[in-house]
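Visitor: Starting from these lines, generate the structure:
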Amino acid sequence: MTWRTPLGKRHLVGPEAELVRAAIGWMHDLIVEELADRDELWSFQVPMFDRLEPLSRLCLLVDVGEALLTTTPLPSLTAINESAVGAIFNAVKQLVALETDEQKDEAGSDGQPFRYRTLLLTTTQSHAAADDATRMDTTSSEDLPLPDCVDTEEWEWLVEAVSNRILWDEDYLYGDQFLDAPPEVARLKRDRLGITSDYFAASAPDPKESALASIRARLNALERGKS
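Guide: As a prediction, the model looks like this:
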């Protein structure tokens, strides 16, 4: 098992993995477009991830994606790694929002209606079944929206419920507050929140342009579930 989550060390399987693969595939396409036009950078609403160069984004995305979806070695839970996971789940929110905005064109290129909402529902239902088996509190099926629901707030809380099974918290969003603070102030803040001294110190990958083809090949394999 390869990612240290609140539920233990594990990698994603079933509909949860399919949902994350779909988000990674969409992010892959967007970031490749950024490589051609760097004036048009897409925001995933995670500052630490968004300010990276496109090639670094791709490399970080595949490193984290492989850790979530395969049995690669357990990565450190650093701010930069968790920022990529946060970006993946924000991408899920963005995909659902785009899908609801285009309600009249529900069938995607693969012919699956309400694709991302259906994936999110299926993931939530699989979690509910697993939690019921272990007597954990869980979301009732009666609380779930229908696949054609266009209220994005109904879907956002489901995305949060899924991401909370992987991410411990949102400390990665506050990197600037620690990195810009005087050392002693930053230390006191970290101690109060239980954040290790190296959590924000780890840097993002900085691959050479020549690595693009191999990074994209790994992403393509990951999206197909072939890694």
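Visitor: next one: phi and psi at residue 41?
Guide: Main-chain torsions, residue 41, degrees, to the nearest 10: phi -90, psi 130.
Visitor: Next one: it from residue 65, what distance?
Guide: Distance of residue 41 to residue 65, computed by Cβ to Cβ, to the nearest Å: 20 Å. Glycine gets a C-beta too; all of them are placed from N, C-alpha and C.
Visitor: go on, residue 172?
Guide: 17 Å.
Visitor: quick one: which of these two has more around it?
Guide: residue 65 (27 against 24; other Cβ atoms under 10 Å).
Visitor: Assess the claim that the more buried one and residue 219 are in contact.
Guide: Yes: here residue 65 reaches residue 219: they are 7.2 Å apart, a contact under Cβ atoms under 8 Å.
Visitor: which residues are in contact with both of the two?
Guide: Both residue 65 and residue 219 are contacted by residue 24, under the criterion Cβ atoms under 8 Å, 6 or more residues apart in numbering.
Visitor: Run a quick neighbour tally on residue 43.
Guide: 12.
Visitor: can you pull the pLDDT of it?
Guide: pLDDT, residue 43: 95.
Visitor: how close does it sit to residue 161?
Guide: For residue 43 relative to residue 161 (Cβ to Cβ), the value is 23 Å.
Visitor: now residue 211
Guide: Here the criterion is Cβ to Cβ. By it, residue 211 lies 36 Å from residue 161.
Visitor: next one: residue 53
Guide: 32 Å.
Visitor: can you give me the strands in the chain?
Guide: 3-5, 8-10 (DSSP state E).
Visitor: just those: most buried one?
Guide: strand 3-5 (a mean of 19; mean count of other Cβ atoms under 10 Å).
Visitor: Sheet partners, orientation included, of that strand?
Guide: When pairing is defined by DSSP bridges, strand 3-5 lines up against strand 8-10 (antiparallel).
Visitor: pLDDT of the partner strand, averaged?
Guide: Mean predicted lDDT for strand 8-10 stands at 86.
Visitor: How far away from the center of its chain is that strand?
Guide: 16 Å (Cα atoms, centre = their mean, to the nearest Å).
Visitor: likewise stretch 197-217?
Guide: For stretch 197-217, the distance to the chain centre is 17 Å (Cα atoms, centre = their mean).
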